[in-house]
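> Quick one, fold the following:
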Amino acid sequence: MKIEPREDFTPQETQRYSRNALLAQVGWEGQARWRASRVLVVGAGGIGSAALLYLAAAGVGRLGLVDGDAVELSNLQRQILHRSADLGRRKVESAAESLAALNPLCRVQTFDLRLNPANVREVVQGFEVVLDASDNFPTRFLVAECCWQYKIPLVSAAATGWHGQLLVASPGAENPCYRCLIPEAPPAAAVPSSTQVGILGAVAGAMGCLQAVEALKLLLGLESDLTRRLLAYDGLQGRFQSLARVKRPDCPLCGPRK
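Residues are numbered from 1 along each chain as shown. So this is what the prediction gives:
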């Protein structure tokens, strides 16, 4: 198919993003919005790897990446941003290299650190959408609180074993936040980690792909049902469930302050 060049896109961009632009909800106006957008991804693991690759492939202009770990052999079963040759390297370095190889038009800003109350605001501010692909509740709560405070939409995904969950927390008076669903961190025994029960890499990848879809929709100004629902995936049964989320009047994050 012959693709006509556009004045506001180089011939290379026109060819690269032509299939995006054919989508009625995207077009070249939407592609321009993605090119000018800024998205932060917390975590370059199994979920974050898939999300980052598809955000870069879609043409998001600036990607922020937060991760304070190095690549380990056990990561490679699911963390597809990294290769065997990257063992021992910092994940942000390996990830940035992979993203540049996929789409050199995408700028990647790396944060080789673990988020904490002292640095989270400085990292998060300046981004339009944040994707939480972390693997622990302290980080999830920290990111959720910061995003809600600064009115930044949050797309949160998690996966363990054969199961995954996805939600969108879009700051607004009528919308539930992350902690409306999970007010406090559950006991460790109630939520075993992948080091205890394992994880199918493709399940983590599926949740990362869905996370990227929601982020791209938000950047276009499209509404998402996941603003008020939780998407649960059972990979073993091959089933999705969409569960209602409600705003809690006693929520520790978005409820009325005493």
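
> contacting residues for K217?
223-224 (C-beta atoms under 8 Å, 6 or more residues apart in numbering). C-betas here are computed from N, CA, C, even on glycine.

> so where's the stretch 51-200 of the chain uncertain?
188-192 (pLDDT under 70).

> Show the residue spans covered by the strands in it.
62-66, 107-111, 129-132, 154-160, 163-169 (DSSP state E, counting those that start in this stretch).

> now the angle from the first one to strand 107-111?
Following axes from the mean of the first three to the mean of the last three C-alpha atoms, to 10 degrees, one obtains 20 degrees for the angle between strand 62-66 and strand 107-111.

> Strand 62-66: partners in the sheet, and parallel or antiparallel?
strand 38-42 (parallel), strand 107-111 (parallel) (DSSP bridges).

> Please report the distance of the residue lying closest to G30 once chain neighbours are set aside from H163.
Spatially, and ignoring its direct neighbours in sequence, G30 is nearest to L220 (5.1 Å; C-beta to C-beta, 6 or more residues apart in numbering). Applying C-beta to C-beta, to the nearest Å, the value for L220 to H163 is 29 Å.

> number of nearby residues for the residue nearest to N116 when sequence neighbours are not counted?
Leaving aside its sequence neighbours, N116 sits nearest to L142 (C-beta to C-beta, 6+ apart; 7.3 Å). As a burial measure, L142 scores 20 neighbours (other C-beta atoms under 10 Å).

> what residues are up against L142?
Taking C-beta under 8 Å, 6+ apart, one finds 115-117, 120 in contact with L142.

> Just the angle for the biggest helix by length in the chain relative to strand 163-169, thanks.
Looking across the chain with DSSP state H, the single longest helix is helix 201-220. If you take the same axes, to 10 degrees, helix 201-220 sits at 10 degrees to strand 163-169.

> pLDDT of helix 201-220, averaged?
Computed over helix 201-220, the mean pLDDT rounds to 98.

> Show me which residues of it are buried.
Using 16 or more other C-beta atoms under 10 Å as the test for burial, helix 201-220 gives 201-208, 210-220.

> Closest one of the contacts of L142 to D234?
Closest approach between those and D234, by C-beta to C-beta: L115, at 29.8 Å.

> Could you check how far L210 is from A51?
9 Å.

> by how many degrees do the longest helix of the chain and strand 154-160 diverge?
Going by the same axes, to 10 degrees, helix 201-220 makes 170 degrees with strand 154-160.

> I'd like to know which elements the next helix or strand after helix 201-220 is packed against.
Scanning forward in sequence from helix 201-220 by DSSP states H and E, the next helix or strand is strand 229-234. Applying 3 or more C-beta pairs under 8 Å, 6 or more residues apart in numbering; DSSP states H and E, we find strand 229-234 packed against strand 163-169, helix 201-220, strand 239-244.
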